[in-house]
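**Q** Provide a 3D model corresponding to the input given below.
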Amino acid sequence: AADALRHGNFVGAHPDGGLIALCGDDPICKSSTLPSATESTLASFGMPIVHPGSIQELLDLGRHAIAASRASGLWVAVKTVTDVVDASGTVEVGPGRVVPVMPVVEYQGRPYRHVPDATLLAPWSLEMERTLTGPRLDLARAYARKNGLNRVTVDPRDAWLGVVASGTAYYDVCEAFRRLGVDPAELGVRVLKIGMIWPLEPEIVRTFARGLKEILVVEEKDPLLEGLIKEVLYGTADAPRVLGKLDENGAPLIPRSGGVDADLAARALAFRLR
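**A** Predicted structure coming up:
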């Protein structure tokens with residue numbers, strides 16, 4: 001499906017339509033032949049990615065994904081994992097639950113509005129690439145910022161340690177604190193919940209990192225978020241140390257194989273807090 005997704009995203013989505021791609025990931029091979037995590041591949045196509053961690057978020061972020069597609073002219077991927085789509089639960093629904101705020105980005109002197117064009121030959125393809133890497137991804141970042149898809153959920157005034165997670169890993173972090181019997185705010189731990197993991201909106205990262213000595217990124221498989229956070233903070237004054245797959249001595253911290261669960265998150269958090 002990769003070539004079809006890449007071509008479709010290049011051509012884009014209409015402002016009155018929108019298109020989302022529901023991408024099923026099975027990180028621990030529960031019902032698949034291979035363990036999987038698609039976000040690095042999707043990012044290479046230029047597709048924004050939202051990552052719900054519960055059934056409620058699958059509905060809410062799914063609504064945001066459609067609106068973000070209309071706003072940006074991009075196909076928006078919804079990363080769905082086994083623990084969410086194989087679950088059942090009670091959810092709240094209603095037309096007023098998600099009310100999108102649509103951003104505006106200037107391109108060539110006027111607000112950009114994407115018009116899909118299937119003329120996939122140069123020079124038209126090159127212009128589509130310019131809008132994809134320019135105003136379309138700028139609109140995706142702006143949508144995440146204006147609609148609060150990424151938000152700080154624990155914010156003590158004297159925070160020294162920051163923890164970043166998305167999807168089910170965020171809830172694993174919350175459960176890890178409960179199992180450790182500690183309140184993150186009392187220990188000076190700030191927590192950032194990521195709803196749109198790519199493209200990563202930089203303003204929330206800079207705000208979150210202010211005053212911290214260290215950031216721990218809890219994510220499964222490849223260190224996508226970890227790398228994006230490092231890229232945002234690189235070269236900034238008093239930037240905190242960013243850890244994830246490895247600790248400061250190069251030893252494994254969050255594994256690249258398998259999945260993330262509350263026990264794994266608790267061990268990593270206890271190691272940093274100690």
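**Q** just the buried residues of the longest helix belonging to the chain, please?
**A** Taking DSSP state H as the criterion, the chain has its longest helix at helix 55-72. Neighbour-count burial for helix 55-72, counted by 16 or more other Cβ atoms under 10 Å, picks out 56-72. All C-beta spots, glycine's among them, are computed from the backbone N, C-alpha and C.
**Q** one more: stretch 198-211?
**A** When burial is assessed from 16+ other Cβ under 10 Å, stretch 198-211 yields the following buried residues: 198, 199, 200, 201, 204, 205, 208, 209.
**Q** and it, end to end?
**A** Across stretch 198-211, the terminal residues are separated by 24 Å (Cα to Cα, to the nearest Å).
**Q** what strand or helix carries the residue nearest in space to the middle of the chain?
**A** Centrality entry for the chain: nearest residue to the mean C-alpha point is residue 197, 1.5 Å, by Cα atoms, centre = their mean. Following DSSP states H and E, the helix or strand that holds residue 197 is strand 196-198.
**Q** contacts for that strand next, please.
**A** 39, 42-43, 47-51, 68, 79, 140, 143-144, 149-150, 166, 224-225, 228 (Cβ atoms under 8 Å, 6 or more residues apart in numbering).
**Q** one more: stretch 62-69?
**A** With contact meaning Cβ under 8 Å, 6+ apart, stretch 62-69 is reached by 13, 17-20, 48, 50, 52, 74-78, 97-98, 100, 102, 140, 143-144, 147, 149, 195-196.
**Q** and it, how far out from the chain middle?
**A** 14 Å (Cα atoms, centre = their mean, to the nearest Å).
**Q** go on, stretch 4-12?
**A** That offset, for stretch 4-12, works out to 20 Å (Cα atoms, centre = their mean).
**Q** look up how far residue 164 lies from residue 233.
**A** As judged by Cβ to Cβ, to the nearest Å, residue 233 and residue 164 stand 11 Å apart.
**Q** between these two, which has more neighbouring residues?
**A** Ranked by neighbour count (other Cβ atoms under 10 Å), residue 233 and residue 164 place residue 164 first, with 27 against 20.
**Q** so that one makes contact with residue 224?
**A** No. Taking contacts as Cβ atoms under 8 Å, residue 164 lies outside contact range of residue 224: 11.5 Å.
**Q** ok, back up a step: partner strands of the following helix or strand past the longest helix of the chain and their direction?
**A** For helix 55-72, the following helix or strand on the C-terminal side (DSSP H and E) is strand 76-81. If you go by DSSP bridges, strand 76-81 pairs up with strand 20-25 (parallel), strand 49-50 (parallel).
**Q** in stretch 77-90, what's buried?
**A** Neighbour counts using 16+ other Cβ under 10 Å place 77, 78, 79, 80, 81, 82, 83, 84 of stretch 77-90 among the buried residues.
**Q** give me the phi and psi for residue 250.
**A** The phi/psi pair for residue 250 (degrees, to the nearest 10) reads phi 80, psi 10.
**Q** measure it to residue 212 for me?
**A** The spacing between residue 250 and residue 212, counted by Cβ to Cβ, is 21 Å.
**Q** repeat that for residue 231.
**A** Distance, residue 231 to residue 212, using Cβ to Cβ: 17 Å.
**Q** and those two? which has more neighbours close in?
**A** Using other Cβ under 10 Å, the more surrounded residue of residue 231 and residue 212 is residue 212, with 20 against 13.
**Q** so that one sits against residue 158, correct?
**A** No. Look at residue 212 against residue 158 with Cβ under 8 Å: they stay out of range, at 10.7 Å.
**Q** got a list of contacts for stretch 97-106?
**A** Here stretch 97-106 has contacts from 60, 63-64, 67-68, 70-71, 111-112, 135, 138-139, 142-143, 145-147, using Cβ under 8 Å, 6+ apart.
**Q** stretch 176-193 now?
**A** 150-156, 158-166, 170, 173, 204-205, 208, 212, 262-263, 265-266, 269-270, 273.
**Q** part of a helix, is residue 215?
**A** No. Read with DSSP: H, G, I helix; E, B strand; the rest coil, residue 215 is strand and lies in no helix.
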